[in-house]
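1. sharing a model prediction with you, sequence too.
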Number of protein chains: 2
Amino acid sequence: MPRISSFAAQTLQRQIHEGRFRSGEMLPGQRELSVTLGISRAALREAISTLEALGLVRCQPGKGVFVTAGLRRPLAEVPTGPLALPAQDVFQFRAIVEPAAAALVARRRNEAARALLEASQHALETALHKLDLVAAAEADLAFHLALAEHSANPLLASVIRSLEEPIGHSVRLPFAEPEGLWAPADEHRAVLDAIRAGDGDAAHTAMSLHLMRAAARVGIHFNAP
Amino acid sequence: MPRISSFAAQTLQRQIHEGRFRSGEMLPGQRELSVTLGISRAALREAISTLEALGLVRCQPGKGVFVTAGLRRPLAEVPTGPLALPAQDVFQFRAIVEPAAAALVARRRNEAARALLEASQHALETALHKLDLVAAAEADLAFHLALAEHSANPLLASVIRSLEEPIGHSVRLPFAEPEGLWAPADEHRAVLDAIRAGDGDAAHTAMSLHLMRAAARVGIHFNAP
DNA sequence: TGGTTCAACTGGTCAGACCAGTACAACCAG
DNA sequence: CTGGTTGTACTGGTCTGACCAGTTGAACCA
């Protein structure tokens, strides 16, 4: 890693990500910053050129260097809490990402993932037999989270994981309706069957159908993606 | 536009894309090049920093500056992204959420959204005409962000917004390839046409295709969701 | 009070110097 | 002749200190 300017670029990048410099804020002056970093202004300016090309900062002659990097708060920005997000939006978003996750899991044909999902499914059915709705909602959520976790896409997994709370809420909603109590379990089974068969398209369809029906059960309709 | 180093970066970009300097070749020495361009070496070096961040060029101390644009190179050598996310995962995730966002925008038939997207498209084409890759990548990213922002789903918008940097990085990658420079603009136009027509399915397909091709341009293939 | 001026910032550019690697040719000892 | 050493002329990387051109705001004067 020889190259002071690269090092400086990485340092600034990290500090921007860590929130040391926030979006829209001005960086310290180049003269001051070069002293702080212990490098010359020329090297600093090369680092800034790199950051500007990467779209993290923007220079304005006579004014300063401003951070333009996006607000780095994926989770904090999403209002969590049951009432913060319209259930319709949550269902719509889930209908976008979860079928994709199901399809990815199916195509992976991963034994461990399959076993975990079957365990969740078993827990859900057991809970329903005992009419333990709290445990059922828990197992239902676990199924969806496990699916995301084993999609082999870290981004997808992390996004769904970060939405655990609103998803948990939307999962709980249908259990408040006495009729069709077993519908979620049946629909999960369809997803599971497709995964067992390694059929990505079928898993996608099954999960899509599941979400659409779950939403319908609580009187929510959304535009299918 | 007053900024010698930007001008130099654009000039070199053009010369690389026009074949004045070919892939793998060494650029003239910085001292010589600065004289040729009529600027100081410091300014030239800032321009080279920009090109290196864009992945068009690679500096090797003691040897020279080499053109890497259009070279089939391992992904590891691609300029390091802000988050250390594999580009393949980013493209796969984008291929899940962005087509859905495009479809939602198309079905909304919102005039303001359409105008904003067309402005981004115009900015992209203008930048490409000037071979200003920094501005082009910026306009490209703006198009994708605007799409998410006007999907009318706050969750979708927030998730994509929070991934601005990895997305921005994956958007920049293809611009380092000299061939198919206009492909992103053409593919965006297809998406825009579908949105104008209010055809959600067509928008979904067009965006899906765009992401698949953009990934293919940098040698990345992922399982389509 | 209102307009002008001035000084202290900001980033942008420049010139010239030096260091640390690389490459290669010339050289000299075996 | 061969093989290793040395010298030298390149390369990019860094630093210093200077100056220019905008921006800003306070001090000043009409």
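-> In hand now; what should we look at?
2. where do the helices sit along chain A?
-> Listed from the start of the chain, chain A has helices (DSSP state H) covering A:4-17, A:30-37, A:41-53, A:87-108, A:111-129, A:133-149, A:154-162, A:164-172, A:183-196, A:200-217.
3. can the first one be said to contact DNA strand C?
-> No. Contact between helix A:4-17 and DNA strand C is absent, the nearest approach being 11.7 Å (criterion: CB under 7 Å from any atom of the strand). Bear in mind the C-beta positions are built from the backbone N, C-alpha and C, glycine included.
4. centre of the chain to that helix, how far?
-> In terms of CA atoms, centre = their mean, to the nearest Å, the centre of helix A:4-17 is found 27 Å from the chain centre.
5. list the contacts of the residue sitting furthest away from the middle of chain A.
-> The outermost residue of chain A relative to its centre, with distances by CA atoms, centre = their mean, is A:S40 at 40.9 Å. Residues in contact with A:S40 (CB atoms under 8 Å, 6 or more residues apart in numbering or on different chains) are A:S34.
6. got it, and A:R14?
-> By CB under 8 Å, 6+ apart, no residues touch A:R14.
7. quick one, domains of chain A?
-> A:4-71, A:82-218 (automatic domain parsing).
8. redo those domains as a markdown table? Include distance to B:S6 and mean pLDDT.
-> Output for those, formatted as a markdown table (distance: least, CB to CB, whole Å; pLDDT from 0 to 100):
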| stretch | distance to B:S6 | mean pLDDT |
| --- | --- | --- |
| domain A:4-71 | 9 | 90 |
| domain A:82-218 | 33 | 88 |
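9. ok, the most centrally placed residue in chain A - contacts?
-> Among the residues of chain A, the one closest to the centroid is A:V159, at 0.6 Å (CA atoms, centre = their mean). When contacts are counted by CB under 8 Å, 6+ apart, A:V159 touches A:74, A:97, A:148, B:93, B:159.
10. and it, how far is that from B:A42?
-> Distance from A:V159 to B:A42, counting by CB to CB, to the nearest Å: 43 Å.
11. please list the residues of chain A that sit near DNA strand D.
-> A:2-6, A:38-43, A:46, A:61-63.
12. got a quick PyMOL command for the buried subset of those?
-> Provided next is the PyMOL selection string for whichever of the residues of chain A next to DNA strand D are buried by 16 or more other CB atoms under 10 Å in any protein chain shown:
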select buried, chain A and resi 4+5+6+39+41+43+46
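13. quick one on the thing from earlier: tell me which two in the contacts of A:V159 are the farthest apart.
-> Longest distance between any two of the contacts of A:V159 is 14.8 Å, between A:P74 and A:A148; criterion CB to CB.
14. between these two, which has more neighbouring residues?
-> A:A148 (24 against 17; other CB atoms under 10 Å in any protein chain shown).
15. wait, that one sits on A:A101?
-> Yes. With contact defined as CB atoms under 8 Å, A:A148 and A:A101 form a contacting pair (5.0 Å).
16. shared neighbours, those two?
-> By CB under 8 Å, 6+ apart, A:A148 and A:A101 have these common neighbours: A:156-157, A:160.
17. number of nearby residues for A:L181?
-> 15.
18. what's the distance between A:R109 and A:S40?
-> 56 Å.
19. swap in A:A206?
-> In terms of CB to CB, A:A206 sits 61 Å off from A:S40.
20. and what of A:A9?
-> 14 Å.
21. how many residues are close by the residue nearest to A:L51 when sequence neighbours are not counted?
-> Excluding the flanking residues, the one nearest A:L51 by CB to CB, 6 or more residues apart in numbering or on different chains is A:V57, at 4.7 Å. Using other CB under 10 Å, A:V57 has 24 neighbouring residues.
22. what do you get for A:R109?
-> A:R109, neighbours per other CB under 10 Å, totals 12.
23. contacting residues around it?
-> Applying CB under 8 Å, 6+ apart to A:R109 gives the contacts A:G198.
24. picking that back up, if we check chain B, which of the shared contacts of A:A148 and A:A101 are in contact?
-> A:L156 (CB under 8 Å from any CB of the partner chain).
25. among the shared contacts of A:A148 and A:A101, name the buried ones.
-> Neighbour-count burial within the shared contacts of A:A148 and A:A101 applies to A:156-157, A:160; the criterion is 16+ other CB under 10 Å.
26. what's the closest of those residues to chain B?
-> Chain B has its nearest neighbour among these in A:L156, at 5.5 Å by CB to the nearest CB.
27. which ones are touching that closest one?
-> Here A:L156 is in contact with A:97, A:100-101, A:104, A:148, B:92-93, B:96 (CB under 8 Å, 6+ apart).
28. what does chain A have sitting close to DNA strand C?
-> A:27-32, A:41-42, A:45, A:48, A:59-65.
29. any of these buried? List them.
-> Neighbour counting with 16+ other CB under 10 Å marks A:27, A:30, A:41, A:45, A:48, A:59, A:65 as buried within these.
30. ok, these vs A:R217, which is closest?
-> Nearest to A:R217 among those: A:L27, at 52.4 Å, using CB to CB.
31. now that closest one. Nearest residue, chain neighbours left out?
-> Using CB to CB, 6+ apart, the nearest residue to A:L27 is A:V65, at 4.4 Å.
32. my read: that neighbour touches A:A47, true?
-> No. Contact criterion CB under 8 Å: A:V65 and A:A47 do not qualify, at 10.7 Å.
33. count of residues packed around A:I16?
-> Residues near A:I16, counting by other CB under 10 Å, number 23.
34. I should have written A:A87 there, sorry.
-> Counted with other CB under 10 Å, the neighbours of A:A87 add up to 18.
35. contacts only, for it.
-> Counting by CB under 8 Å, 6+ apart, A:A87 has contacts A:169-170, A:173, A:215, A:218, A:220.
36. who wins on neighbours among these?
-> Highest neighbour count within these: A:S170, with 26 neighbours (other CB under 10 Å).
37. check contacts around that one.
-> Neighbouring residues of A:S170 by CB under 8 Å, 6+ apart: A:87, A:90-91, A:94, A:214-215.
38. equivalent analysis for A:L145, please.
-> Contact partners of A:L145, counting by CB under 8 Å, 6+ apart, are A:160-161, A:164, A:167.
39. can you do 7 Å?
-> Counting by CB atoms under 7 Å, 6 or more residues apart in numbering or on different chains, A:L145 makes contact with A:160-161, A:164.
40. that concludes my questions; thank you for your assistance.
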